[in-house]
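In: When you get a sec, could you give me coordinates for this:
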Amino acid sequence: MSEQTTGRRFLLLIVAILIVIIAGDTVGVLRMTNNHDFAVYYRAAERLRSGQDIYAELGAFRTFIESGQSTKDEDTPWPFSTPPFHALLTVPLTLLPYSWAAMIWTGLCLAAMAVACWLLLRSQHWLTLSGLAVTLLLLDQFQPAVVAVRLGQIDMVIFLLLVLAFIWLKAGAETKAGLALGMAIGIKVFAGFLVLYLLWKRRRQAALVALTSGVVFLIGSFVMVGSQALKRYLEFSSLYTWGAFAGYPYHQSLNAFFTRTFKQNIFMSPVANLPWLADGLTIVLSVLLLVGLAWLTRRSADAPDAGHSMADITMPRFDLEYALTVTTMLLILPPAPRYAFVWLLLGFLVVAARLVRGEGPSWLIALLALSYILSARLVYFPLPLLRRLVMDGQFMLSALLLWLALAWLLWKSRQVKGEP
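Out: The predicted structure is shown next:
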């Protein structure tokens, strides 16, 4: 038996074992799945069908939060938190009984994750047993995905849309990429951060389609439910991102972390009551990340003409740039709930594919592993200070470490070409 055949059989065994483990873990997650957030989507979609207010719980929720009551209470009046376009997409499921709709929704989310990972592997020319093994290892008990499935969140679907936009941008299908991104914007507005990246890279057609379709999805859905809905949505967004709810422990952006750490909030005692420091650190670090992103993703001297639809597509750095942009988006845009960090899988797979090909030093492997552990597992630290600062923001720290790994690979690729 050849050494190559032995290695292939070993990888096949590893893949089979991982599939069995993940299947068992998935069953365990499904058993504790309560579809809490999907229930809110379903209720909003039912109200949309009957012409009722989809944001009806906003006033009660504001009173509940500002009175200092715990959101762990079962009677918390959770409101619908996204634009009406999201409720509109959920309407077909309301034709079914809730139990059936919830089951189908869970299946759709799992399918979206599987398809997104398969597309990413194919884009990295890594549809091999080793690529499958690494992907399965990354997915096993990956906390953002576990939380998304358990709550019935929509972030796995958005992840698929972001991956589709990525794939189509690589292929030069600007219109398709723009539509995928526009749909993501219609569901969660802050996905529009990627439009700024497209404009920065002079991918004007994709940016225009994304912006136009996103605005149409958003405005069209608000027109359907009435102008008051826009006011109520903006009111809730201000509460959710900068107001009393900004420090919610599930939120893992820089703003949320520093709010919990240095501002009086309703969820936990701050390390010190220094609101100016919280705002200052949020602004300074956000600016540094944005400047770093802009510098690392600037157009190369040998890039094709800006007016060409294929500009920068063939550049090997595009995968790293797109992943870095998604990672930056999670860090600087509030609220960035932990289930949204499922989008980090894009960066993990892009970097892992390069490390397997020997494109990075050993310390980069350690950095990526630490980044993954912080997002994939709920880490416990015995020291009180570490437990507070690290556990409270471990998903944010994971994203920061992944940002550094992607940034180093981008910087190194420019050095190889003799660029500063």
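
In: can you confirm Leu136 is in a strand?
Out: No - going by DSSP: H, G, I helix; E, B strand; the rest coil, the assignment for Leu136 is helix, not a strand.

In: mind listing what it touches?
Out: For Leu136, the contacting residues are 15, 18-19, 22, by CB atoms under 8 Å, 6 or more residues apart in numbering. Backbone N, C-alpha and C define where each C-beta goes, glycine included.

In: so where do the helices sit in the stretch 151-300 of the chain?
Out: Using DSSP state H, counting those that start in this stretch, the helices found in the stretch 151-300 of the chain span residues 155-171, 174-187, 193-200, 204-225, 227-241, 254-262, 275-296.

In: Counting neighbours, what do you get for Phe166?
Out: By other CB atoms under 10 Å, 26 other residues sit near Phe166.

In: Just the pLDDT for the residue lying closest to it once chain neighbours are set aside.
Out: Nearest non-adjacent residue to Phe166, counting by CB to CB, 6 or more residues apart in numbering: Tyr322, 5.3 Å away. Tyr322 is assigned a pLDDT of 98 by the prediction.

In: Could you check which helix or strand contains Tyr322?
Out: Under the criterion of DSSP states H and E, Tyr322 resides in helix 318-332.

In: list the helices and strands that helix packs on?
Out: Under the contact criterion of 3 or more CB pairs under 8 Å, 6 or more residues apart in numbering; DSSP states H and E, helix 318-332 touches helix 155-171, helix 193-200, helix 254-262, helix 275-296, helix 344-356, helix 394-416.

In: Just name the most buried of the ones you listed.
Out: Ranked by mean neighbour count, these are led by helix 254-262 with a mean of 25 (mean count of other CB atoms under 10 Å).

In: Count residues in the vicinity of Val379, would you?
Out: 16.

In: same check, this time on Ile185
Out: Neighbours of Ile185 (other CB under 10 Å): 26.

In: Low-confidence bits of the stretch 101-250 of the chain, can you list those?
Out: Counting by pLDDT under 70, the low-confidence segments of the stretch 101-250 of the chain come to 243-244.

In: CA atoms of the helix holding Tyr322 as PDB?
Out: What follows is helix 318-332, C-alpha atoms only, in PDB (Å, rounded to 0.1, in the frame of the first residue of the first chain):
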ATOM      1  CA  PHE A 318      -8.800  39.800  -2.800                       C
ATOM      2  CA  ASP A 319      -9.800  36.900  -0.500                       C
ATOM      3  CA  LEU A 320      -7.800  38.300   2.400                       C
ATOM      4  CA  GLU A 321      -9.100  41.800   1.800                       C
ATOM      5  CA  TYR A 322     -12.800  40.700   1.800                       C
ATOM      6  CA  ALA A 323     -12.300  38.600   4.900                       C
ATOM      7  CA  LEU A 324     -10.500  41.500   6.600                       C
ATOM      8  CA  THR A 325     -13.400  43.900   5.700                       C
ATOM      9  CA  VAL A 326     -16.000  41.500   7.200                       C
ATOM     10  CA  THR A 327     -13.900  41.100  10.400                       C
ATOM     11  CA  THR A 328     -13.500  44.900  10.700                       C
ATOM     12  CA  MET A 329     -17.200  45.300  10.300                       C
ATOM     13  CA  LEU A 330     -17.900  43.100  13.200                       C
ATOM     14  CA  LEU A 331     -15.500  45.000  15.400                       C
ATOM     15  CA  ILE A 332     -16.500  48.600  14.800                       C
END
